[in-house]
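Colleague: no sequence for this one, just the structure:
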């Protein structure tokens with residue numbers, strides 16, 4: 001119990017409502033939440049790969065344009081800075097990196113990112129080059 005609230009409250013209501021950067025800050029600042037770090041890392045992994053696409057409706061048309069420049073950490077973006085942050089996170093965090101490497105997904109973007117994470121970790125390319133490569137792949141993919 002933390003602040004008189006049971007662990008189920010923190011798991012079901014609080015953790016899922018936070019952004020990825022907030023969850024990472026929470027792990028760094030509080031020993032109580034650090035005890036549940038594997039659970040929090042699984043939430044971060046899910047948020048990284050399952051972020052929904054945002055759509056912008058252009059006035060006067062019936063066409064919805066996908067919004068590629070979101071500021072939250074996700075792999076579903078063409079923003080090089082966000083991909084750079086994601087690759088830095090995966091390169092510096094052993095637990096999240098292993099989750100990506102072990103993922104056996106049929107999703108093309110996830111397989112491409114896993115390949116880039118492996119090559120960045122093996123120091124064959126830099127994080128900056130990897131983020132550019134992934135961003136160009138996303139442009140071609142979409």
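Modeller: Ah, there it is. The structure displayed is predicted, hence computed values, not measured ones.
Colleague: Could you list the low-pLDDT ranges of this protein?
Modeller: Low-confidence segments of the chain, defined by pLDDT under 70: 1-12, 51-72, 141-142.
Colleague: Now do the strands in the protein.
Modeller: Assigned by DSSP state E, the strands in the chain fall at 54-57, 64-67.
Colleague: Test my guess that residue 134 contacts residue 112.
Modeller: Yes - contact criterion Cβ atoms under 8 Å: residue 134 and residue 112 qualify, at 6.5 Å. The C-beta positions use only the backbone N, C-alpha and C, and glycine is treated the same way.
Colleague: Which one's more surrounded, the two?
Modeller: The neighbour count for residue 134 versus residue 112, taken as other Cβ atoms under 10 Å, is higher for residue 134 (25 against 16).
Colleague: list the contacts for the residue positioned nearest the centre of the chain?
Modeller: Most central in the chain under Cα atoms, centre = their mean is residue 48, positioned 2.5 Å from the mean C-alpha point. Counting by Cβ atoms under 8 Å, 6 or more residues apart in numbering, residue 48 touches 20, 73, 74, 75, 86, 96.
Colleague: what two of the residues you listed are the furthest from one another?
Modeller: Distance extremes for the contacts of residue 48: the farthest pair is 74 and 96 at 13.7 Å, using Cβ to Cβ.
Colleague: what about residue 20, neighbour count?
Modeller: Neighbours of residue 20 using other Cβ under 10 Å come to 19.
Colleague: Excluding covalently adjacent residues, which one is nearest to it?
Modeller: Sequence neighbours aside, residue 73 is the residue nearest to residue 20 in space, at 4.4 Å (criterion: Cβ to Cβ, 6 or more residues apart in numbering).
Colleague: separation between that neighbour and residue 88?
Modeller: Using Cβ to Cβ, to the nearest Å, we find residue 73 at a distance of 10 Å from residue 88.
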